Structures are given as structure tokens and as C-alpha cells.
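> sequence-free structure coming up:
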């Protein structure tokens, strides 16, 4: 079983990696491996049958499955918009002062950059008018690169003035003393609703659900169990990190996971899907909302509810 993810060294999609490295997929009878693929490549690979699941931003499924035709979300990996805005520590910016990006060069990966552009639009900032350059950081598009870690390196080397990336990349920059968090939208920074643009989810095709529902259920159970393990003992995240992360990232992942435990909830809630559709419409990925049951594999709801 192949699980594609657009970012491997991250807290956002971490429950999928934990389910593999803690042996939880295996205990469900699944030979599963999480592998890194760029966002568009990941969803296209799912559409083409080259992978079985995608662990990524829920809205990105619309890139390969317009109006959700042929795909479903099966479990949430992490609730809420998972990216944070970090600026160089020598730039005077207060927490929540998103306008501080005016005139700056900001690193953002393809896919997450859509959420950043929407955030700017909602606070009345126009990148062209306000002199903001937004794009990938040097090295971020290389095979095997994980954006948050590369972005922290780019900030330290002053290739960019800031970045929009996951909490692991943000924490890396903060601990090095080269960056400060200006906006964490999941925790209320920024305009209302920005924290619910999207969420991290595990998705698969309708075809796989119909053909092998027991395997899909096993994957969902493994994710739910991984979140349960992390909630009860966040230090287990270090074991996972040491197997798959660069050493520096492995040593800080447990602290990030512990801080993010409230977001590790497997339920795919209807309000979250509604908010995600509102965001997708705003950025032109969706013409009109789609019914919840056409987006979410509700047959697995009982498995989410067994999370306690």
C-alpha cells in the first residue's frame, strides 16, 4: 500500500508516518509505506492508480478530482489550516501583524501558497501592489526536499525574508533564532475563518473503497490508533522522527506534537468540510459546494468515534 504525501518532515501529516513506523498499519494487516511526492503529483498519482492514498491538504484533492468525483476523505490527520507565517527575527512585526509582509520576499510551496494568497486578500493586501514576492525557496523543489526544513535554512541564509510553512519548519527557525512566528491561523491569528481554510486528511478513491473496504478501514483504524498513541505519550514521536527525519528535526518533533495534540482528532466534521469548500470556492477550485456525503466516506465514522 503506497501513501503519497507532499511533505514528509512535518507535524501536519505526522499521524500517517507514525502509523507506519510504530507498526500500526502492520498490526492492521497492511504493508503500507508513506512516500514523498509534490502536491500535484501526489493527487494525480492517486487518480491514476499509482498510489492508494494521499496524506495532504484536503482541498488539494480537487486538483485531480473536480467536484470530488471519484475520491473521498476517510479520516482527518490534523485539524485546521496547518501553515504558519514566519518572518526574519530582525523584522519588526507584532504577532498577528500580517501587513508586515509588505515589500518582502516570502517562501511558500505550491499548494499552500493558495492559502497564503487568500489570507493576504482577506486582510486587504495585494502582492503586486504591495511589493510582495511569493514563491518556492531555493532547493525546495528538489527530489526528497521537505519544504518547512528547507524554508528555515533559506531564512537563516537570508534568501527569503519569511515563509509560510508547517509548524516544524516554523519551530526550526524560531529555535535557531532566525525567525519569529507572526501568524498561526489555527490559533486565531489573522482574519476569522483563516484557521479553517483546509485540514490535513487521508484520502483515497471511490474505487478502492468499493473494492477493498476492509483495507481502507484498516488504514483508518491505524491513523486513529496513531493519534491515540501520540496523545497518551507524545515522546513516541521522537522514535518516529529518528527513523525518517533529519536529526535536528527528529529531536524537536515530540515538542511540536505535544503542543498540537488538540488538533490530532480523526473526525471529518461537516463544518470543517463546509469551511474548506468556502475556501476552495474563493480561490477558484470549486464552483459550488458539494454535499458532505459526496466528499467524506461516512461509512468509517464509527472508527473516528472510537478515538477515545
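Okay, I see it. Bear in mind the structure is a predicted one, so any value in this text is a computation, not a measurement.
> shouldn't residue 160 be in contact with residue 154?
Yes: between residue 160 and residue 154 there is a contact at 5.0 Å, judged by C-beta atoms under 8 Å. Bear in mind the C-beta positions are built from the backbone N, C-alpha and C, glycine included.
> if I look at these two, which residues touch both of them?
Shared contacts of residue 160 and residue 154 (C-beta atoms under 8 Å, 6 or more residues apart in numbering): 107, 137.
> Contact partners for the closest residue to residue 57 other than its chain neighbours?
Nearest residue to residue 57 in three dimensions, chain neighbours excluded: residue 198, at 4.7 Å (C-beta to C-beta, 6 or more residues apart in numbering). Contacts for residue 198 (C-beta under 8 Å, 6+ apart) come out as 57-60, 81-82, 115, 276, 279.
> so what pLDDT did residue 143 get?
Residue 143 is assigned 67 on the pLDDT scale.
> measure the residue of the chain most remote from its centre to residue 120 for me?
In terms of distance from the mean C-alpha position of the chain, residue 129 ranks first, at 29.1 Å (C-alpha atoms, centre = their mean). To residue 120, residue 129 is 11 Å away according to C-beta to C-beta, to the nearest Å.
> Assign the residue farthest from the centre of the chain to helix, strand or coil.
Classification of residue 129 by DSSP: H, G, I helix; E, B strand; the rest coil places it in coil.
> do residue 164 as well
Going by three-state DSSP: residue 164 is strand.
> that older thread, part of a strand, is the residue nearest to residue 57?
No: per three-state DSSP, residue 198 lies outside any strand segment and is coil.
> so how far is residue 242 from it?
29 Å.
> what about residue 125, which SS state?
Per three-state DSSP, residue 125 ends up coil.
> so who does it touch?
Residue 125 makes contact with 98-99, 101-102, 132, according to C-beta under 8 Å, 6+ apart.
> Compare those and tell me which is most surrounded.
residue 101 (29 neighbours; other C-beta atoms under 10 Å).
> so which strand or helix has residue 4?
Per DSSP states H and E: residue 4 is located in strand 2-5.
> what's downstream of that strand, the next helix or strand?
In N-to-C order, the element after strand 2-5 by DSSP H and E is helix 14-21.
> Now tell me what touches stretch 227-239 from outside.
For stretch 227-239, with C-beta under 8 Å, 6+ apart as the criterion, the contacting residues are 14-15, 18, 21-22, 24, 250-251, 253-258, 261, 264-266, 307.
> again but with stretch 96-106, I slipped
85, 87, 91-94, 116, 119-120, 123, 125, 130-134, 160-164, 182-183, 189-190.
> Now tell me what touches the host helix or strand of residue 26 from outside.
Residue 26 belongs to helix 24-27 when assigned by DSSP H and E. For helix 24-27, contacts defined as C-beta under 8 Å, 6+ apart pick out 1, 18-19, 31-32, 218-219, 222, 225-226, 229.
> Return the subset of those residues lying in strands.
Among those, DSSP state E puts none in strands.
> List buried residues within those.
1, 18-19, 32, 218-219, 222, 225-226, 229 (16 or more other C-beta atoms under 10 Å).
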